[in-house]
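Q: show me how the following folds:
(one chain, ligands or ions: 2)
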Amino acid sequence: MNVEKSETMPVRSGEDVVRVRQAVRSQAMAVGLSLVDQTKIITASSEIARNTINYGGGGDVRIETLTDGPRRGIRLLFSDDGPGIADIALAMTDGYSTGSGLGLGLSGAKRLSSEFSIDTAPGKGTRVTLTRWK
Ligand SMILES: Nc1ncnc2c1ncn2[C@@H]1O[C@H](COP(=O)(O)OP(=O)(O)OP(=O)(O)O)[C@@H](O)[C@H]1O
Ligand SMILES: [Mg+2]
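A: Ligands and ions are numbered 1, 2, ... in the order given. Next comes the predicted model:
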């Protein structure tokens, strides 16, 4: 697997979320994702960006375009230095929120991605990686 192109953006404000959505759209188009798949990865990126701001205290995202043989895709690596998540299984459960949300962001983002992983621990911050292949 090769990383073709990579850009890093801050994820600290609502305006940053708009910019992240625009950048994800443009890279998803560039790798040739269908309109439906573009919408899926854009929606997933918004959910994780909002978590990065609301729970992680802000952070950044690296947006990469990938090639794997004939396959192309887009990968998003969100990272924050916030409190981390003690129980990932619980956080991934539909309807679980420690805030005022619906608790559907993480589980929804996973369903909308081809590959999804979280690396987090209390006091260690949170890194969420989302990949959508064409
Ligand atoms: N980056 C993060 N740092 C620390 N905790 C997080 C982070 N992202 C998610 N969490 C924790 O996981 C829980 C579930 O997140 P999820 O996105 O599924 O729901 P929500 O943000 O609470 O609500 P919704 O996304 O539906 O508005 C959050 O309530 C929070 O406790
Ligand atoms: Mg959320």
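Q: now the residue of the chain found nearest ligand 2: closest residue in space that isn't a chain neighbour?
A: Nearest residue of the chain to ligand 2, counting by Cβ to the ion: Gly105, 2.5 Å away. Using the backbone N, CA and C atoms, a C-beta is placed for each residue, glycine as well. The shortest distance from Gly105 to any non-neighbouring residue, by Cβ to Cβ, 6 or more residues apart in numbering, is to Glu47 (3.9 Å).
Q: mind checking how far the residue of the chain closest to ligand 2 is from Trp133?
A: Distance of Gly105 to Trp133, computed by Cβ to Cβ, to the nearest Å: 22 Å.
Q: again with Leu35
A: Separation of Leu35 from Trp133 (Cβ to Cβ): 16 Å.
Q: those two: which is more packed in?
A: Trp133 (16 against 9; other Cβ atoms under 10 Å).
Q: okay, the more buried one and Glu64: tell me how far apart.
A: From Trp133 to Glu64 the distance is 13 Å (Cβ to Cβ).
Q: and Ser79, what are its phi and psi?
A: The phi/psi pair for Ser79 (degrees, to the nearest 10) reads phi -150, psi 140.
Q: mind listing what it touches?
A: Thr52, Gly59, Asp60, Val61, Arg62, Gly125, Thr126, Arg127, Val128 (Cβ atoms under 8 Å, 6 or more residues apart in numbering).
Q: can you list the residues of the chain near ligand 1?
A: For the chain, the contact set with ligand 1 under Cβ under 6 Å from any ligand atom comprises 47, 51-52, 55-56, 80, 82-85, 91, 96-99, 101-107, 126.
Q: now which of these would you call buried?
A: Neighbour-count burial (16 or more other Cβ atoms under 10 Å) applied to the residues of the chain next to ligand 1 gives 47, 51-52, 55-56, 80, 82-85, 91, 96, 103, 105-107, 126.
Q: tell me which of those fall in helices.
A: Those of those mapping onto helices are Glu47, Asn51, Thr52, Ala91, Gly105, Leu106, Ser107, per DSSP state H.
Q: show me the helices in the chain, by range?
A: In the chain, the helices defined using DSSP H lie at 14-30, 35-54, 88-92, 105-112.
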